[in-house]
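> take a look and give me a structure for this.
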Amino acid sequence: MILEFAPYILKFKRPAGTSRGTFTEKPTCYLRLHDESSPDQYAYGEAAIFPGLSPEADDRFFYKLMELVANFRIGQSTDLSRFPSLQCGLEQCFRDFAGGCRGLYFPSAFTEGEKTLTINGLIWMGEYERMLSELNQKIEEGFKCIKIKVGAIDWRQEVSLIEHIRKSHSPEEITIRVDANGGFSMEEAIPRLKRLADLGVHSIEQPIKAGNPELMSFLCKVSPTPIALDEELIGKFDKEEKQKLLDEIMPAYIVLKPTLTGGFSGTEEWIKLAEERGIGWWITSCLESNIGLNAIAQWTATLDNPLPQGLGTGKLFIENPETPIYLDGENLEYDPNRGIDREWLKNLDWRS
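Alright, predicted model coming up:
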């Protein structure tokens, strides 16, 4: 078996703002796998590394990638337990190869076009007027779950966006999620969580920075707004580490990104542990291109989670290969008659 890789820079159509900063581009790495006896039949995956967030987003990534490629040539396994983006990309390759290299990673009613995935409408940080315009557009498109990134612009303006929704739509009509990306201080968090509860906000992701389990546990106990862990999960790969984190903090929800939480296998372990503790969960993409997003969406559809998922990032980038997934309002759908743009992938700078 031969494994090849192609580094690539995804460029945003417009800057994407979070409390960690504003992104205009993001690196990723495509993988392709083929048998030497069938050199023109490729299985594809995406190792969507995220600088500043992925635990392996430094020189270790490419050292491990070189090790992985070399080991494939000699039929030797590679420990990817602490390299979740590579783990996720390689799992995609294996699933695609097993399915005949057709981009069919997880066959289901979804990939047959008989089932859709409901997603949240994501509002990125930016100028207030632009955020308000995007918010109105999402509501017009029929989104019943809106996710607003907060913690970077003026708090009063962020609250006014939520108030804008609540003037015309009750919590039963539109679910509001907010994502602070760790942007609140502890002093800010408690009064802000109270204000969000008053506005009928469903949940808040990561109100304070990750790495403060005692403070986060306290917030989860006293917050009137349910708290979801996101960045807090990153870097926890052993089952015992995961159990300890969930038992110590006991959040209402966890938000799972397979690219950051150990691929499909590692994320399924998180799900099992969360469900054993009565903790809710949903799946979110991590700024993958359509290649990784397609695989993650197919996998998510097999989990039968009724909550809106966070998989609406497929239109963010200028250059993005076509795949069978597409958005129709709040529904992420799969067209079984449309394939992956293999010509686009073929023309990448493949290396081995």
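
> in which helix or strand does the residue lying farthest from the centre of the chain reside?
Residue farthest from the centre of the chain, counting by C-alpha atoms, centre = their mean, is Ser37 at 35.3 Å. Using DSSP states H and E, Ser37 sits within no helix or strand.

> repeat that for Asn320.
Going by DSSP H and E, Asn320 is not in any helix or strand.

> got the contact list for it?
10, 289-290, 314 (C-beta atoms under 8 Å, 6 or more residues apart in numbering). (Each C-beta comes from the backbone N, C-alpha and C, glycine too.)

> pLDDT check: weakest of the residues you listed?
Across the set of the contacts of Asn320, Gly314 stands lowest in pLDDT, at 75.

> so what's Glu214 closest to, chain neighbours aside?
Glu248 (7.9 Å; C-beta to C-beta, 6 or more residues apart in numbering).

> just to revisit the earlier point, out of the contacts of Asn320, flag the one nearest to Gly100.
Closest approach to Gly100 among the contacts of Asn320 (C-beta to C-beta): Asn290, at 19.9 Å.

> with distance to Glu269 added, can I get the contacts of Asn320 in JSON lines?
Converted to JSON lines, these look like this (distance: C-beta to C-beta, whole Å):
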{"residue": "Leu10", "distance to Glu269": "28"}
{"residue": "Ser289", "distance to Glu269": "26"}
{"residue": "Asn290", "distance to Glu269": "26"}
{"residue": "Gly314", "distance to Glu269": "27"}
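
> will you turn the residues you listed into TSV that also has neighbour count, secondary structure and distance to Lys272?
TSV is the format used below for the contacts of Asn320 (neighbours: other C-beta atoms under 10 Å; DSSP: H, G, I helix; E, B strand; the rest coil; distance: C-beta to C-beta, whole Å):
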residue	neighbour count	secondary structure	distance to Lys272
Leu10	18	strand	32
Ser289	23	coil	29
Asn290	23	helix	29
Gly314	20	coil	28
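
> out of these, which comes closest to Lys194?
Nearest member of the contacts of Asn320 to Lys194, counting by C-beta to C-beta, is Gly314, at 35.4 Å.

> surely the closest one touches Leu327?
Yes - the pair Gly314 and Leu327 qualifies as a contact (C-beta atoms under 8 Å) at a distance of 6.8 Å.

> overlap in contacts, these two.
Contact criterion C-beta under 8 Å, 6+ apart; residues shared by Gly314 and Leu327: none found.

> now stretch 78-88, how far from the centre of its chain.
16 Å (C-alpha atoms, centre = their mean, to the nearest Å).

> skip the chain neighbours and tell me the closest residue to Ile291.
Glu46 (4.4 Å).

> helix, strand or coil for the one you found?
Counting by DSSP: H, G, I helix; E, B strand; the rest coil, the backbone at Glu46 sits in strand.

> so Phe61 is in which element?
Using DSSP H and E, Phe61 falls within helix 59-74.

> make that Leu3, sorry
Per DSSP H and E, Leu3 falls inside strand 2-18.

> let me know the angle separating the helix or strand just after that strand from strand 2-18.
Once the chain leaves strand 2-18, the next helix or strand it forms, by DSSP H and E, is strand 21-34. Put simply, strand 21-34 runs at 160 degrees to strand 2-18, going by axes from the mean of the first three to the mean of the last three C-alpha atoms, to 10 degrees.

> for strand 21-34, what is the average pLDDT?
91.

> and it with helix 59-74, angle?
10 degrees.

> for strand 21-34, buried residues please.
Buried residues in strand 21-34, counted by 16 or more other C-beta atoms under 10 Å: 23, 26, 28-34.

> can I get these in CSV with distance to Ser223?
Formatted as CSV, these follow (distance: C-beta to C-beta, whole Å):
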residue, distance to Ser223
Phe23, 29
Lys26, 31
Thr28, 35
Cys29, 38
Tyr30, 40
Leu31, 40
Arg32, 45
Leu33, 45
His34, 50
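
> quick one: the nearest residue to Lys257 once chain neighbours are set aside and Glu67, what's the gap?
Nearest non-adjacent residue to Lys257, counting by C-beta to C-beta, 6+ apart: Cys286, 4.2 Å away. Separation of Cys286 from Glu67 (C-beta to C-beta, to the nearest Å): 23 Å.

> which one of the two is surrounded by more residues?
Comparing Cys286 with Glu67 by neighbour count (other C-beta atoms under 10 Å), the higher total belongs to Cys286, at 24 against 16.

> so who does that one touch?
48, 50, 53, 257-260.

> and for Ile74?
Counting by C-beta under 8 Å, 6+ apart, Ile74 has no contacts.

> let's have the chain start at 531 instead
Happy to do that; since the first residue is 531 now, the last one works out to Ile604.

> tell me the pLDDT of it.
The model's pLDDT for Ile604 equals 93.

> same check on Gly547?
pLDDT recorded at Gly547 is 69.

> now Cys623
98.

> dump the strand or helix carrying it to CSV, restricted to CA.
Assigned by DSSP H and E, Cys623 belongs to helix 614-628. The C-alpha trace of helix 614-628 is given here as CSV (Å, rounded to 0.1, in the frame of the first residue of the first chain):
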residue,chain,number,x,y,z
PRO,A,614,-5.9,13.3,16.0
SER,A,615,-5.9,15.1,12.7
LEU,A,616,-3.7,12.4,11.1
GLN,A,617,-5.8,9.7,12.8
CYS,A,618,-9.0,11.2,11.4
GLY,A,619,-7.5,11.6,7.9
LEU,A,620,-6.1,8.1,7.8
GLU,A,621,-9.4,6.6,9.1
GLN,A,622,-11.1,8.4,6.2
CYS,A,623,-8.7,6.8,3.7
PHE,A,624,-9.3,3.3,5.2
ARG,A,625,-13.1,3.7,5.0
ASP,A,626,-12.9,5.0,1.4
PHE,A,627,-10.6,2.2,0.4
ALA,A,628,-12.8,-0.4,1.9
